[in-house]
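Novice: following is a predicted model, sequence given first.
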Amino acid sequence: MFVEQLINGLAIGTIYALVAVGYSLVFGILRLVNFTHSSVYTLGAFMVYVGVEYLHLNIFLAILFSLVTTGFAGVMIDKMGLEPLRKKGASKISAMITTIGLSYIIINCLNIAFGSQIIRFPDLFNYGTFKLLGATIAWQQVIIGAVALILLVALSIFINRTRIGLAMRAVQQEPSAAAINGINVNMIISLTFFLGAASAAIAGTLIASYNQYLRSSMGDIVGLKAFAAAVLGGIGSLPGSVLGGLIIGVSESMAVYKLGGSYIDMVAFSLLFLVLLIRPYGILGRKGSTKV
Amino acid sequence: MKKKLCMLLALLLVVTTLGACGNGAAPASTASASASGGNPTDKTPIKVAVAGPLTGNYSEYGIGFDAACKIMVDKWNKDGGINGRPIELLSYDEKSSTEEGLAIAQLLCGEDNFYGVVGHFSASMAVGTLYTEERVPLISASSSSAGFTGQGDCCFRLNATISTETMGMLECAKTAGKTKLGVVYLNNDWGRNAYDNLKTLLQEKGNEDWEIVDAEEIAGGDMDYNAVISNLNAAGAETAIMFCYYDSVVPFTIKARTVMPDLNIVCGVNCYNDTFLKVGGKDVEGCMAPSVFAAVSDDPDVKYFVDEYKARTTQVPSSLTAQAYDAMGVLLTAIAENNGELDKEAILKSIQNNDYKGVTGSCSFSENRDATRNFSPMVVSNGQWIYY
Amino acid sequence: MALLEAKGITKKFGGLVAVDKLSFEVKQGEIVSIIGPNGAGKTTVFNMITGIYEIDEGEIVFDNKVISNKSPIYIVEAGISRTFQNIRLFKQMRVIENVMVGTHIKTNYNFFDALFRTKRFRNEERKATQKAIDILESIDLGDYINDYANNLPYGLQRRLEIARAIATGAKLLILDEPAAGMNPQESENLLNFIRSLQAKGYTILIIEHDMNVVMNISDRIYVMDYGKRIANGTPSEIASNPDVIKAYLGDASEILEEDDAV
Amino acid sequence: MNMKKENKSLYTKAVITIGQLWENPIIKGIILLALALFVYFLPKMATLYFQRIAIMVAFYAIGAYTAVLLTTYRGTNYLVAVILGACLAGAFGALLALSTMRLSGTYVTIVTMAFFYVISSIILNWDSVTKGSVGVLNIPAPNLFGMKLTMKNGGIFYLIMFYAALTILATQLIINSKVGRAIKAVRDDEMAAIMMGINNKKYKIIAYTLAAFFAGLAGTLYGPFMGYINNATFNYDICISALVIVILGGIGTVKGAIIGAIIISPLGELLRGLTTFMKGLPEWMQISQPEQWRFVIYGMIMVIMMRFRPQGILGGQSKLPYKMPKGVERKVMK
């Protein structure tokens, strides 16, 4: 039973991790909590649905379609919403509120277009169950976890081993110095938004196919939990996001196992509260220096 | 700064005082209007309202209520209205918010020639007292809260009470012969009350027919149901009693089919709807629910309603929608019964004493203003709700 | 009798010794400068005096009280106030409000006095406002009372920062690179302004890069390099000190460059 | 004579229309206003206005529940219950301030957000006391010195107006004092404030406590106003409405919050009118679900305001001279 619940928690935890990485990427580069992220996640799942249902695409083409459109939407959010603010030298709060506003617009447009009720989503990898250590485990969970982990590893290789990744890290460290060294900072920021949005789209698609339904409010809870996961692990740190996601996922399934479903939020957020009281910058986060 | 502030405050005061006056003046004009109501040549429309969430997370309920009430009002108007006067349906959006619902109730209480409300979904527990104070009949098609009709003698309920519904669900489980119950209940007033009710019912009956092997409280919405299903599986549940809305039942069922293919799923009245079938697809085949309404019935009234509803919304009406249709029927009949004598107390009395026969069966009210409802077990087969 | 005396103060960051057994003193009514190349540990010394950093060894005595490792608030109350290398005004507050924040510790009423507008509140508030106005008038900022701090020209922002420090009732003003980013005209004005402060009886400790300012204004100069004191004396002594020339003034072209750049 | 009568009825009609359009939203708006007002007071360490508002809603819920439970189940005097509710909320504010003292920026945000969820979770799960999702029914109308203040006699309305006036007055009194200046200084630049001898911790606690106290006070109104509360009453939608009010009116100014409340509150009502209007249009001109557009409009207000006027309609720096206390003179010393 414990093993089964652990697997349940890990499966959902990898999804949180995948979304949390998006928060972390943008935060790392702009020091900004991107509140559009949860709506982009929803948009990603809806784009796959649109691809399959309205454009009659093959499911893999539909996912590709979603990756491109959602990634593009992420870039647009930056170009139309945030870049003008950066040029103006507006405050962080302005940028933050802009993202809240944009997220409101995206979600409610989806709501107007598709309604608020649940919609059936194609099932991508339902291969029944198997037994492990006396626990019944669905193949779905294994596949979801594996896909999410592969993506996370790929993302981490991209950021740590490639030239573009190097440029991204440079911009994270010191945007003005990076600009002097010939890095197109706005390009890199757009790329970051693209990566964040695309990973959110994949996470959204995975979750929609895992649950086999989608709806416009699906991002609310996941977005919040993933944000909590990013902070818990140390926002700005990629391994931290993964760790945070897994911790939140497992703590939730343990809450259901031991306490009951309505304690999910309480357990997840109390945990966060406690961790931050002990480690104010998250588990793997580092203290930013302040100059006097 | 101070001066501007003072001006603002003054403005606020003026505007709001006007508001308060408006509120005071409104009932007076209503009274004068109802006095002239008896005039047979009067063509002023008789106003009734439907209030439900047309937007927000529960919009499908409100949209259904709205469409059903329109069909009923159109039917009456086609037959010449009430006493030669046309009926005007005011339709309000609660926006899935209690405050909005209350605001609407206040707005409605200020209307002239206004005689009753069907609905309130999100705010049904907040508006009852107000309507009772204003003597406006309120007929709910969806409320299952224990305290709803206790708000005042103008609150009527055409939905089953929790205990009736629970009993209906238990009968479903018994009919299917799977009596080891795993209860899944939503952490809201309905879910919790229903679970408590179930426990009491089983105690009274001495547990001979059924046994609760596990109970799981869920947060609803988009939670991950795997952990809950693992618990149910470990406890050896044969039947899942679902005290939750269909938007939790469907995801739960889809998940449960992978791990527990033989689980019998019994859900509440609210699952009798089209979206449930459409989204659930093959996974909800075999799900059971007690219902007062059967769209497959041969009854001509039911056929008329179902055909009209399909024509307008392309969907089959849900059980709650059908109740809203009947609620409007009850209200209009009561208004008509008084034969132009548009007195609210008389209308209330007519509603209380009615023996309206609607698409959901007999709609007479008990002393507590709760309708008696007769359930039949229904089951999903070939993508349709049919009699079990 | 020294007003401020540092006795062998040391600050380590991990393995790095930022300030190494530094001793110096500032007498009542003096203008003393601390100079040294970048990274010599000057700002660290200021942060140690004002209680932002803890001191690993040594002791600081101000006005016969030991102030080392006391809270910044204690130190302000003892009579030391500072300005910052990068101007740190309360930008969204008016000029007069900035100065009145400076009078905070000298304004003696509590929350409930404010809420009920007691007599004590009215008296104290009137006194504080009057003091703020007097300070602003005395340093030629009287015309800017109603402006917001972030709308002032750069030179005046520096001046306002000093006014704010004065308002705390400080005996010793610590100015961290007051002439940074000023053109020659502005730094000339600043020079006169600091002299006028001295004439009013303030004791002043300065960190400065602008040699023109330092040499013209200081009564005494301490020179730091790599956290250690390498020389002290009057401006003319420092200018001819071979150690200083080697460590700091050695590359004369550097000074010229800096002057040109400004 | 006849003319006069007609005018009068026209006037009555206008009054009723305006009343219907404004009254309810204004009540809602004033409650939101109290929430929005004290956003001003939270120090900069809680960088996100949104989250500030989220914790305000948590305090609001604490105040509401304390007052409602006391009056409904213990028969406590309304005034006593109100004071207890506001004080308890204030105490929680102080507690939160203490626990977030070590944190900065984003981390404060998430902790305050976690606080919001923990509070709503407690309300949901501690149902032996809070009645959880079943909710508290039949909340009695406030009884002031033998006078029942109900919705019908307008009493609640005037009570809410009184609270709003009280809140505005208190804000003004505190802002224009040493305490208000210290809080603003900590908000603008914490390090510089410390160097002025301001006890940053003390003023952070004061700020949180004040904000929580007034949010709690607003909360005590909510119960009698609605007649019914449950766990779902205090949700993120309230946060969004309050946020839009603050943004539209002007962040960090009192008059901004007031103006925002006046403009935003009837928006829902106006859109309701729009719906009726839309239904009369030919089919090709109709937009599906016009009411749903309200939320899109909220979003657009946020984005557009941030882009073109981030300080809000009335925000930014006042052009009026600073108000001097009596007896202060400028003597020019040359």
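Specialist: Alright, I've got the coordinates.
Novice: element containing B:Lys95?
Specialist: B:Lys95 belongs to no helix or strand when assigned by DSSP states H and E.
Novice: list the contacts for C:Glu54?
Specialist: Applying C-beta atoms under 8 Å, 6 or more residues apart in numbering or on different chains to C:Glu54 gives the contacts C:Asn69. For the C-beta atoms, the positions are set from N, CA and C on the backbone; glycine is no exception.
Novice: in the stretch 151-300 of chain B, where is pLDDT below threshold?
Specialist: Scanning the stretch 151-300 of chain B with the threshold set as pLDDT under 70 gives B:206-208, B:221-222.
Novice: the helices in it, which residues?
Specialist: B:162-176, B:189-204, B:226-235, B:246-259, B:274-280, B:300-313 (DSSP state H, counting those that start in this stretch).
Novice: to chain C, which of these lies closest?
Specialist: Proximity to chain C (C-beta to the nearest C-beta) singles out helix B:189-204 among the helices of the stretch 151-300 of chain B, at 41.4 Å.
Novice: for the closest one, which positions count as buried?
Specialist: B:189-195, B:197-198, B:202 (16 or more other C-beta atoms under 10 Å in any protein chain shown).
Novice: and what about B:Ile386, helix, strand or coil?
Specialist: Judged by DSSP: H, G, I helix; E, B strand; the rest coil, the three-state class of B:Ile386 is strand.
Novice: now, which of the buried residues of helix B:189-204 lie close to chain D?
Specialist: Contacts with chain D within the buried residues of helix B:189-204, as defined by C-beta under 8 Å from any C-beta of the partner chain: B:189, B:191-193.
Novice: could you pick out the longest helix of chain C?
Specialist: Scanning chain C for the longest helix, with DSSP state H as the assignment, gives helix C:119-138.
Novice: show the average pLDDT along it.
Specialist: Here helix C:119-138 scores 90 as its mean pLDDT.
Novice: buried ones in the helix or strand containing A:Phe60, by neighbour count?
Specialist: Following DSSP H and E, one finds A:Phe60 within helix A:59-76. By neighbour count on 16+ other C-beta under 10 Å, the buried set for helix A:59-76 is A:62-63, A:65-67, A:69-71, A:73-75.
Novice: just checking, what packs against whichever helix or strand comes after that helix?
Specialist: Where DSSP H and E defines the elements, the next helix or strand beyond helix A:59-76 is helix A:83-88. Packing contacts for helix A:83-88, counted by 3 or more C-beta pairs under 8 Å, 6 or more residues apart in numbering or on different chains; DSSP states H and E, involve helix A:92-114, helix D:293-308.
Novice: go through those and pick out the most buried.
Specialist: helix A:92-114 (a mean of 22; mean count of other C-beta atoms under 10 Å in any protein chain shown).
Novice: show me what that helix packs onto, helices and strands only.
Specialist: Helix A:92-114 packs on helix A:37-53, helix A:83-88, helix D:49-73, helix D:236-249, helix D:293-308, going by 3+ C-beta pairs under 8 Å, 6+ apart.
Novice: quick one: low-confidence parts of the stretch 151-262 of chain C?
Specialist: C:248-262.
Novice: quick check: the gap between the residue of it found nearest chain B and C:Tyr144.
Specialist: Closest approach between the stretch 151-262 of chain C and chain B, counting by C-beta to the nearest C-beta: C:Asn151, at 17.7 Å. Look at C:Asn151 and C:Tyr144: by C-beta to C-beta, to the nearest Å, they are 9 Å apart.
Novice: between the two, which has more neighbouring residues?
Specialist: C:Tyr144 (19 against 13; other C-beta atoms under 10 Å in any protein chain shown).
Novice: one step back: quick one: list the elements packing against the helix holding A:Phe60.
Specialist: Taking 3+ C-beta pairs under 8 Å, 6+ apart as the contact cut, helix A:59-76 packs with helix A:37-53, helix A:185-211.
Novice: what's the least confident stretch among these?
Specialist: Taking the mean pLDDT of these, helix A:185-211 comes last: a mean of 89.
Novice: does any part of it sit near chain B?
Specialist: Yes: judged by C-beta under 8 Å from any C-beta, helix A:185-211 comes into contact with chain B through A:Asn211.
Novice: just checking, what packs against the next helix or strand after that helix?
Specialist: Toward the C-terminal end, the helix or strand that comes next after helix A:185-211 (DSSP H and E) is strand A:213-214. If you count contacts as 3+ C-beta pairs under 8 Å, 6+ apart, strand A:213-214 packs onto helix A:37-53, strand A:119-120, helix B:246-259.
Novice: most tightly packed of the ones you listed?
Specialist: Mean neighbour counts for the helices and strands packed on strand A:213-214 (mean count of other C-beta under 10 Å) peak at helix A:37-53, with a mean of 26.
Novice: and that one, how far from the chain's centre?
Specialist: Helix A:37-53 has its C-alpha centroid displaced from the chain centroid by 13 Å (C-alpha atoms, centre = their mean, to the nearest Å).
Novice: domain ranges for chain C, per the record?
Specialist: Domain ranges of chain C: C:1-79+C:171-262, C:89-168, per automatic domain parsing.
Novice: ranking those domains by burial, who's on top?
Specialist: It is domain C:89-168: most buried of the domains of chain C by mean count of other C-beta under 10 Å, with a mean of 20.
Novice: what about the residue of the stretch 101-250 of chain C found nearest chain A, distance to chain D?
Specialist: Using C-beta to the nearest C-beta, the closest approach of the stretch 101-250 of chain C to chain A is made by C:Asp176 at 9.2 Å. Relative to chain D, C:Asp176 is positioned 11 Å away (C-beta to the nearest C-beta, to the nearest Å).
Novice: that residue touches C:Arg88, doesn't it?
Specialist: No: the criterion here is C-beta atoms under 8 Å, and C:Asp176 misses it with C:Arg88 at 10.0 Å.
Novice: got a pLDDT number for A:Lys92?
Specialist: Predicted confidence (pLDDT) for A:Lys92: 74.
Novice: B:Val48 belongs to a helix, doesn't it?
Specialist: No: looking at B:Val48 with three-state DSSP, it is strand, so not inside a helix.
Novice: which ones are touching the residue of chain C positioned farthest from its centre?
Specialist: Residue farthest from the centre of chain C, counting by C-alpha atoms, centre = their mean, is C:Phe116 at 37.1 Å. Neighbouring residues of C:Phe116 by C-beta under 8 Å, 6+ apart: there are none.
Novice: would you mark the buried spots in stretch B:354-365?
Specialist: Using 16+ other C-beta under 10 Å as the test for burial, stretch B:354-365 gives B:354, B:356, B:358-361, B:363, B:365.
Novice: from the residues you listed, pick the one nearest chain D.
Specialist: B:Phe365 (20.8 Å).
Novice: ok, the closest one touching B:Asp153?
Specialist: No: the criterion here is C-beta under 8 Å, and B:Phe365 misses it with B:Asp153 at 11.1 Å.
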